[in-house]
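S.K.: Just the structure for this:
(chains A, B, C and D)
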2 protein chains.
Amino acid sequence: MSLQNALLGFLNYRPMTGYELKQTMDVSTSNFWHAKQSQIYTTLKKMEGNGLVISDVQAQDGRPDRRVYTITQTGIADLRSWLSQPVMELQARKELVLLKLFFSADEKKQALITQLQLQRDLHQRELLRYQGETKVVIQQFAAALPGGAKKALLWNATRRYGEMYEEMAIRWIDETVKLIKEEL
Amino acid sequence: MSLQNALLGFLNYRPMTGYELKQTMDVSTSNFWHAKQSQIYTTLKKMEGNGLVISDVQAQDGRPDRRVYTITQTGIADLRSWLSQPVMELQARKELVLLKLFFSADEKKQALITQLQLQRDLHQRELLRYQGETKVVIQQFAAALPGGAKKALLWNATRRYGEMYEEMAIRWIDETVKLIKEEL
DNA sequence: CGCACCATGTAATGCGTTACATGATTTT
DNA sequence: AAAATCATGTAACGCATTACATGGTGCG
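M.R.: Here you go, the predicted structure:
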């Protein structure tokens, strides 16, 4: 359901192809919302069937045709309605690493530590991305759109969430590794 | 795929019915892994077909029959293999609240603040649960199983993740609300 | 009297991933 | 010469949710 809303959100900025939508998501919302190319194509098709978007095929020379999607009035109304409805529950999470750890009482101490350190490296890399590249991308996107300052503030809030999340994850790993070393 | 492993993990402690597995998950892993009752039943059935578990129907008087599942040698081997394989990637997340916030530049300032405060209350409640009830449940479960101390340490690490996550979420909301009030 | 708990499951539908299929252009 | 990028999509499958279906026991 919410991939549709994400796509409407982007198409509300400007008309785009499925390919462009995928790329845009990858550099902006991938932190908290992602989708595969194939799912984006099938979802756009379904949305056109429901009148939320319309598509227009543009021929290109030496390149494949582009199918450009534009949001309709119905789509705009749908997006507004979705944005105005508050989220009343917490999001349920799935964390494979925690699930394994939960059942790992018989695993070797060293294997657990290695696993956690591996994850720590990954979190560290993400943290640096949020602090560097992501900040730059936000400024670029905001400069290219009307109302950029407002948008940049909110986009940066979502970036900041990613940053704080990764910092937390690293703190948790360090604390947990210490505990395993000392008390397991 | 990993619901199967979660179920194997629990059945490795003792034989259980689908109903008991659901209840056990709800008070232990629901923080980082959850499933609906119907999915648990269908998954157990599939697992029996694959030889990971066997079931035995026990008649009861005045109560519905119980189908008790027991882990097989194949199931134990499968669980061990899964536990020994490290997770090499970060988990992708989906956060509906962030997605909405990302597209909310045209929403009323007050609506955004109300939404965030609503979520703050939910996170606060979860935080208290991790600091209270969850701690107690872990002690109870650990006392009833062999190797309880080791298990309690790891279970508590997953509880601590939940606690730290909620604290982080609250900090992020407070920071974001302040930003919206002052700068939007 | 009504609600929660015990206990099982199936069917339909929707969301998401992987694999399949094609082919030119641009960069390394 | 190989890989990445541009650009489209379909088909098969698996994971997950919602709705449907049943019925007795125990508690307030």
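
S.K.: residues in chain A within reach of DNA strand D, list them.
M.R.: A:17-20, A:23, A:37-38, A:41-42, A:45, A:60, A:63-68, A:92, A:94 (Cβ under 7 Å from any atom of the strand). C-beta coordinates here come from the backbone N, C-alpha and C atoms, glycine included.

S.K.: max-length helix in chain A?
M.R.: Longest helix in chain A, counting residues (DSSP state H): helix A:148-183.

S.K.: Which elements pack onto it?
M.R.: helix A:109-131, helix A:133-143, helix B:96-102, helix B:148-183 (3 or more Cβ pairs under 8 Å, 6 or more residues apart in numbering or on different chains; DSSP states H and E).

S.K.: quick one: the longest one to chain centroid distance?
M.R.: It refers to helix B:148-183. 15 Å (Cα atoms, centre = their mean, to the nearest Å).

S.K.: likewise the shortest one?
M.R.: Per Cα atoms, centre = their mean, the displacement of helix B:96-102 from the mean C-alpha position of its chain is 23 Å.

S.K.: residues of stretch A:6-25 that come out buried?
M.R.: For stretch A:6-25, a neighbour-count test (16 or more other Cβ atoms under 10 Å in any protein chain shown) marks A:6-11, A:15-18, A:20-22, A:24-25 as buried.

S.K.: Next: stretch A:25-41.
M.R.: Buried-residue list, stretch A:25-41, by 16+ other Cβ under 10 Å: A:25, A:28, A:29, A:30, A:31, A:32, A:33, A:34, A:35, A:40, A:41.

S.K.: tell me, what residue is most central in chain A?
M.R.: residue A:30 (2.2 Å; Cα atoms, centre = their mean).

S.K.: leaving aside the residues next to it on the chain, what's closest to it?
M.R.: Distances taken as Cβ to Cβ, 6 or more residues apart in numbering or on different chains place residue B:92 nearest to residue A:30, at 7.9 Å, with adjacent residues excluded.

S.K.: Over to residue A:70?
M.R.: Residue A:70's closest residue in space is residue A:15 (Cβ to Cβ, 6+ apart), at 4.2 Å.

S.K.: State the distance from that neighbour to residue A:28.
M.R.: For residue A:15, the distance to residue A:28 equals 17 Å [Cβ to Cβ, to the nearest Å].
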